[in-house]
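[1] Sharing a sequence plus its predicted fold:
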Amino acid sequence: MFKNLKTLFAQMFMVLLAASFLTWGANSYFVNTPKSIAIEVNGEKVAVSELQNEFNFRKREAEDQFGGKLSDEFLNAIKLGNATVNSVINSKLSLDVAKQLGFRASPQALRDQIINNPAFHDENGNFNKDVYRMSVSNYGFKPAGYEKLMMEEMIKQNLYDLFETEFTAEDYLKESFKHTFANMTIRALMLNDAHIDESPAITAAEIKGYYQANAHHFLTEETRDFATLVVRADQLKKKVNTTEAEARELFDADPEAFTSEEQREARHILVATEEEAIDLINQLDQGADFATLAKAHSTDTFTKEKGGSLGYFNYADMVESFSDAAFNQDIGAISDPVESPFGFHIIQVTAIAEEKPQTFAEVKDEIIADLNAEKAEDVYYETLDQVEDKIAAGFTLKQISDELGLALHSYQGVKQTAGSDVKFSADVMPVVTTLNEGQISDPILVEGQDTITLYAEVNKLNAERTLTIDEAREQILAELKTAKEQQLIKEKAQKLLIERLNKNNLSAVASAHNLTDAVVETANIKRNAAGAPKWLNASHIKLLFAMKAGEVMSTVVDTPDGQALVEVVAIENQAPDATQLELYQNQVSKAWQEDLFAQYMAHKRNQANIDINEPSIKFALGSAYVTE
């Protein structure tokens, strides 16, 4: 049953795109095989798989932002699927509009983007082609797809740049700067339970009445006692053994299968333009030394100090245009300029390692490792079949663990909202919370792990219930005490506020009541709430900025542990210096540019032929897409 089980988890990460503004549809070039069409924009088709990849990328970004896996209900509430659809449409449309206007991106510009991307640099901060190849592969890109994506991003950037504008009304900018970046200093008298005269008394009648009125709040959360059975291929390796005789048998059955690939040893000089390459080829034809020219002119920082030497490589190790040239070239010959995403190469093959049969001794360890891996996977799937058979026969996970020697983990009193101590909790807990007492789950696949499978069994379901008054007594006392203290604090704050209106400032009021230590001043508060205490909300800050120095708020403000009286000490409108004004001008101009671009794209979208295949989109995005 499990022999052909394959688990796929969409783990899409975006490689850093240097200097790229528009990242709509960035996952279009992840490895995928389109099966059906979800959207069509001016004849440009978007496959279901492409839409799913984009959605998975956005979902992972949201989970990183919120710090954990997001439920289907939450994804539905924020309409992440709808945002994905709009993003893909905008991406396709902006590219189409840009191409209609004649915008293109040059290979040289693409090369610069790749060369200057820190994600492709080695530990010394230099571009490294091996790091580049590994990076795009590790993040799920085909190299050609990544380079096509970069080209399209650059084309769209050209369209966006059309709307670049410069806001030049200097007087307005200065006044706007002063208003936006004004600094406010406030003084607050902070009152909490330490400032009330005595702890409030609580009677038995109050406890009983509070319990009766709020009994529905005093509930124990439903918990489960459960166990998980873990089947891991890496823990089944001890059951696997491959002998040298088995390896020899496999080798002898087809020795040619172990023939080494043909390799070429070469050196190259990389330059930015074809003209530079031709000039260097002419110098080589006149007897110039290849290594000397490479050190002086090559932009490949990884090889230039080695005279351009690349060592030995297989055909698949290099980009196609480079390998085509190198593997069709005689030893010692100088190639014509060879174009690649990195620029123009001058290639000289220095040696050829023909494909050749390898001896058993040369490949024995590799064969044994491969056979062990195959056997371990076989044992893994055979073990899963055994577990399934025993579950069907009525075995408990404890019995299966004892009989098959598999790891069993037991957990008691786990709440639905907890479970962080549970191994693989992100995969296990959503399943456990759906199980009834005595029920064993279907196989639980661990995200990102093709050879780890778990089963969960709920041994006991501890149902939600209402606490008795005695069980809830401490909680009731604490809540009543807090409520009474807050009322006393508020009453005291109101009295002090009335007194403040008859005195010059809060410091004088505080001094009269021995509350000097409770006075706090906060400076450099901005209109956007930067620098403000967390207990002041946006409406408070807006009100305070509308007041004059020396004025006090007419109401007290709730704080996490009490009340606060707040007055304005000073509001300073700072004039910008030349550097600040220039930066602010750029920010305002950028905001105008983004607004104009958004309006233009909305207009083009109204004119576009957009076909949305609702059934395909619902299939791809599920409840995260809301039909409107």
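    Received, thanks.

[2] distance of the residue nearest to K423 when sequence neighbours are not counted from N462?
    Distance criterion C-beta to C-beta, 6 or more residues apart in numbering; nearest residue to K423, sequence neighbours excluded, is H409 at 5.8 Å. From N, CA and C alone the C-beta is placed, and that goes for glycine too. The gap separating H409 from N462 is 19 Å, by C-beta to C-beta, to the nearest Å.

[3] With K548 instead?
    60 Å.

[4] quick one: which of the two has more around it?
    Neighbour comparison, K548 and N462: the larger count goes to N462, with 16 against 8 (by other C-beta atoms under 10 Å).

[5] Look at the closest residue to that one other than its chain neighbours and say how many residues are nearby.
    Distance criterion C-beta to C-beta, 6+ apart; nearest residue to N462, sequence neighbours excluded, is T223 at 4.4 Å. The number of residues packed near T223 is 18, by other C-beta under 10 Å.

[6] So which elements touch the host helix or strand of Q585?
    Assigned by DSSP states H and E, Q585 falls within helix 578-607. The helices and strands touching helix 578-607, judged by 3 or more C-beta pairs under 8 Å, 6 or more residues apart in numbering; DSSP states H and E, are helix 80-100, helix 170-180.

[7] rewinding a little: now do the residue nearest to N462 against G413, distance only.
    From T223 to G413 the distance is 5 Å (C-beta to C-beta).

[8] residues bridging contact with those two, i.e. touching both?
    Common contacts of T223 and G413 (C-beta atoms under 8 Å, 6 or more residues apart in numbering): N462.

[9] Please name every helix or strand in contact with the helix or strand where A478 lies.
    Applying DSSP H and E as the criterion places A478 in helix 469-500. Judged by 3+ C-beta pairs under 8 Å, 6+ apart, helix 469-500 is in contact with strand 183-192, helix 204-214, helix 506-512, strand 562-572.

[10] and E521, which of these is closest to it?
    Nearest to E521, of all the helices and strands packed on helix 469-500, is strand 183-192, at 5.0 Å by C-beta to C-beta.

[11] picking up where we left off before, beyond the helix holding Q585, next helix or strand please.
    strand 610-612.

[12] Let me know the average pLDDT across that following strand.
    Across strand 610-612, pLDDT averages out at 92.

[13] Just the buried residues of the helix or strand bottoming out on mean pLDDT in the chain, please?
    Ranked by mean pLDDT, DSSP states H and E, the weakest helix or strand in the chain is helix 129-138, scoring a mean of 80. For helix 129-138, a neighbour-count test (16 or more other C-beta atoms under 10 Å) marks K129, V131, Y132, S135, V136 as buried.

[14] Let me know the closest of these to Q235.
    So of the buried residues of helix 129-138, ranked by how close each gets to Q235 (C-beta to C-beta), first place is S135, at 31.6 Å.

[15] Make sure that closest one is actually in contact with F120.
    Yes - with contact defined as C-beta atoms under 8 Å, S135 reaches F120; the gap is 5.9 Å.

[16] Show me where the stretch 301-450 of the chain has its strands.
    309-313, 338-340, 343-353, 407-415, 444-445 (DSSP state E, counting those that start in this stretch).

[17] circling back: how about the helices and strands packed on helix 578-607, which one is nearest L219?
    helix 80-100 (32.2 Å).

[18] got the angle for the helix or strand following the closest one vs helix 129-138?
    Following helix 80-100 in sequence order, the next helix or strand is helix 107-115 (DSSP H and E). Calculated by axes from the mean of the first three to the mean of the last three C-alpha atoms, to 10 degrees, helix 107-115 forms an angle of 80 degrees with helix 129-138.

[19] on that earlier part again, need the CA coordinates for the least confident helix or strand of the chain. CSV is fine.
    Provided in CSV are the C-alpha atoms of helix 129-138 (Å, rounded to 0.1, in the frame of the first residue of the first chain):
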residue,chain,number,x,y,z
LYS,A,129,28.9,30.8,-10.0
ASP,A,130,28.8,27.6,-7.9
VAL,A,131,26.9,29.5,-5.2
TYR,A,132,24.6,30.8,-7.8
ARG,A,133,23.8,27.4,-9.3
MET,A,134,23.3,25.9,-5.8
SER,A,135,21.1,28.8,-4.6
VAL,A,136,18.6,28.8,-7.4
SER,A,137,18.4,25.0,-7.2
ASN,A,138,18.0,25.0,-3.4
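
[20] Quick check: pLDDT value at the spatially closest residue to E44 that is not a sequence neighbour.
    Once flanking residues are discounted, E44 sits nearest to K92: 4.9 Å by C-beta to C-beta, 6+ apart. You'll see K92 listed with a pLDDT of 93.

[21] what do you get for the one 4 residues further on?
    Model confidence at D96, given as pLDDT, is 92.

[22] okay but it is in contact with N90, surely?
    No - when contacts are counted by C-beta under 8 Å, D96 is not listed as touching N90 (10.7 Å).

[23] Please give me every residue in contact with the residue nearest to K423.
    For H409, counting by C-beta under 8 Å, 6+ apart, the contacting residues are A227, T228, V230, V422, K423.

[24] neighbour-wise, which of the residues you listed leads?
    T228 leads the contacts of H409 on contacts (other C-beta under 10 Å) with 24 neighbours.

[25] residues contacting that one?
    So T228 contacts L397, L408, H409, Y411, V422, K423, F424, V428, L454, Y455, A456, E457 (C-beta under 8 Å, 6+ apart).

[26] Could you verify that it is part of a strand?
    Yes - according to DSSP: H, G, I helix; E, B strand; the rest coil, T228 belongs to a strand.

[27] Could you measure from it over to Q399?
    15 Å.

[28] Could you tell me which ranges of the chain sit under the pLDDT cut-off?
    Low-confidence segments of the chain, defined by pLDDT under 70: 1-35, 138-143, 418-420.

[29] What is the neighbour count of the closest residue to F360 other than its chain neighbours?
    The shortest distance from F360 to any non-neighbouring residue, by C-beta to C-beta, 6+ apart, is to F251 (4.9 Å). Number of residues near F251 (other C-beta under 10 Å) recorded here: 17.

[30] Quick check: buried residues in the host helix or strand of F251?
    Per DSSP H and E, F251 falls inside helix 244-253. By neighbour count with 16+ other C-beta under 10 Å, helix 244-253 contains the buried residues A247, L250, F251.

[31] immediately after that helix, which helix or strand?
    Assigned by DSSP H and E, the successor of helix 244-253 is strand 263-271.

[32] Convert the C-alpha atoms of that next one to CSV, please.
    What follows is strand 263-271, C-alpha atoms only, in CSV (Å, rounded to 0.1, in the frame of the first residue of the first chain):
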residue,chain,number,x,y,z
GLN,A,263,34.8,15.8,-18.6
ARG,A,264,36.5,18.9,-19.9
GLU,A,265,39.2,20.9,-18.3
ALA,A,266,39.1,24.5,-19.4
ARG,A,267,39.9,28.1,-18.6
HIS,A,268,37.9,31.2,-19.6
ILE,A,269,37.9,34.9,-19.6
LEU,A,270,34.6,36.6,-18.8
VAL,A,271,33.9,40.1,-20.0
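
[33] Many thanks, I have nothing further to ask.
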